[in-house]
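Student: Generate a structure from the sequence data that follows.
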Amino acid sequence: MRIGIVDTGVNPWHSHVRGEVDGCRIHVAQDGSLAEDRDFRDPAGHGTAVAGVIREALPDASLYAVRVFDGADATFPSLVARGILRAAAEGCDFVNLSLCVPPGPGAHVLAGACAAAIEAGCVIVASARPGETGWLPASLPGVYAVSADDSLDPDDVRERGPFRLAASGRPRALGGVPRERNFLGPSFACARALVHLARRRRAAVIRSA
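Tutor: Residues are numbered from 1 along each chain as shown. The predicted structure is shown next:
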């Protein structure tokens, strides 16, 4: 199973991630065009924390990191769209999008990328923005939108409607870091929901075999 993580990058040497990780960076070149290289290092730690949740539950999965954020944790819909298409082209079965893009310019590009990836057989799982609608890609057809519910146990994922899930927003604990200072929220609920869907698919394949 191959899982794409479109995020801030992934540190493959982190203790929560160690294992097979490949990836790329998609960024805006000086001439304004989209460029790609192999630098998927994570300057923020967010994508690494997301990968840690997935790696713990699916240790044999192959991870493909697509870094679409710069050092200031900023990105554009066009970068996210290209990241989704790159993950699909790399044969990812699932694509984790622990991010939200506001509706507006570029939304059609992101919508087109998600539709193409889903058509290619990818399952896209995205964070839902609390209390707001229309944010992408969670509001798009065929995308699993995930909200955080910290009353749930880490392995407990609830269906709240068609393509609507809820999961715990807690990441993996970090030694020496107080829980309140660690990452928290829909980003990690998204990763936990992806794990739930991946396990469900794997179980279905085993039954059919």
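
Student: and the residue lying closest to P105 once chain neighbours are set aside, how many neighbours does it have?
Tutor: Nearest residue to P105, sequence neighbours excluded (C-beta to C-beta, 6 or more residues apart in numbering): P77, at 7.4 Å. (Each C-beta comes from the backbone N, C-alpha and C, glycine too.) By other C-beta atoms under 10 Å, 22 other residues sit near P77.

Student: try C122
Tutor: The local packing of C122 (other C-beta under 10 Å) involves 22 other residues.

Student: what does C114 give?
Tutor: Burial of C114 is recorded as 26 neighbouring residues (other C-beta under 10 Å).

Student: just use 219 as the starting number from now, easier for me
Tutor: Got it, first residue is 219 now, which makes that one C332.

Student: As PDB, could you dump the C-alpha coordinates of whichever helix or strand it is part of?
Tutor: Assessed by DSSP states H and E, C332 sits inside helix 325-337. Provided in PDB are the C-alpha atoms of helix 325-337 (Å, rounded to 0.1, in the frame of the first residue of the first chain):
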ATOM      1  CA  ALA A 325     -10.400  26.500  -6.400                       C
ATOM      2  CA  HIS A 326     -11.300  25.100  -9.900                       C
ATOM      3  CA  VAL A 327      -7.700  23.900 -10.300                       C
ATOM      4  CA  LEU A 328      -7.800  22.100  -7.000                       C
ATOM      5  CA  ALA A 329     -11.200  20.600  -7.700                       C
ATOM      6  CA  GLY A 330      -9.900  19.400 -11.100                       C
ATOM      7  CA  ALA A 331      -6.900  17.700  -9.500                       C
ATOM      8  CA  CYS A 332      -9.000  15.900  -6.900                       C
ATOM      9  CA  ALA A 333     -11.400  14.700  -9.500                       C
ATOM     10  CA  ALA A 334      -8.600  13.400 -11.700                       C
ATOM     11  CA  ALA A 335      -6.900  11.600  -8.800                       C
ATOM     12  CA  ILE A 336     -10.200  10.000  -7.700                       C
ATOM     13  CA  GLU A 337     -10.800   8.900 -11.200                       C
END
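
Student: quick one, longest helix in the chain?
Tutor: helix 404-426 (DSSP state H).

Student: shaky segments in the chain?
Tutor: Low-confidence segments of the chain, defined by pLDDT under 70: 391-402, 426-427.

Student: run the last query once more with 80
Tutor: For the chain, applying pLDDT under 80 flags the ranges 289-290, 349, 390-402, 423-427.

Student: Centre-most residue in it?
Tutor: By C-alpha atoms, centre = their mean, the mean C-alpha position of the chain lies nearest to N314, the distance being 2.2 Å.

Student: in the sheet, who's paired with it?
Tutor: I223, V343 (DSSP bridges).

Student: Name the residues that touch the helix holding C332?
Tutor: 295-296, 298-300, 302-303, 305-306, 313, 319, 342, 354-355, 358-361 (C-beta atoms under 8 Å, 6 or more residues apart in numbering).
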